[in-house]
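> Just need the structure, nothing else, for what follows:
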Amino acid sequence: MAALCSDIGESPVRKVLISNRIRELRFRAGEMTQQALADSVGITRQTIIALEQGKYYPSLELAFLIAETFGVELQEVFQHQNSSGPLKRSANPS
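This next block holds a predicted model:
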């Protein structure tokens, strides 16, 4: 899970869950292989595997490249939701 925070003072930290439909979109795109997608966006097949399994979140640049490869909007590939947990506060370590 990714956490969002700021380095300035005390800031809210929210757990954000990001899911994706990469595997589904690959199959809808003529059963595109993980390797073909990886080659198309300039990353490794192992990174595609990690993305599909939710073990890695892409950079914004990569997320847009993946969406562009499938000819869809970013939100059709990646979705996010806040966890149901409470808002946590992170104190500035300085």
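> who touches the helix or strand where Gln79 lies?
Assigning secondary structure by DSSP states H and E places Gln79 in strand 78-82. The contact list for strand 78-82 (CB atoms under 8 Å, 6 or more residues apart in numbering) reads Arg14, Lys15, Val16, Leu17, Ile18, Ser19, Asn20, Arg21, Pro58, Ala63, Ala67. Heads up, the C-betas are built off the backbone N, CA and C, glycines and all.
> 6 Å instead, please
Strand 78-82 has contacts (CB atoms under 6 Å, 6 or more residues apart in numbering) with Arg14, Val16, Leu17, Ile18, Ser19, Asn20, Ala63.
> try stretch 43-57
Contact with stretch 43-57 is made by Ala2, Ile18, Ile22, Arg23, Gln34, Gln35, Leu37, Ala38, as judged by CB under 6 Å, 6+ apart.
> Next, the buried residues of that stretch.
Buried positions in stretch 43-57, judged by neighbour count with 16 or more other CB atoms under 10 Å: Ile43, Thr47, Ile48, Leu51, Glu52, Tyr57.
> Compute the first-to-last residue distance for it.
13 Å (CA to CA, to the nearest Å).
> Make residue 1 into 59 and carry on from there
Right, with 59 as the first residue, what we last looked at is stretch 101-115.
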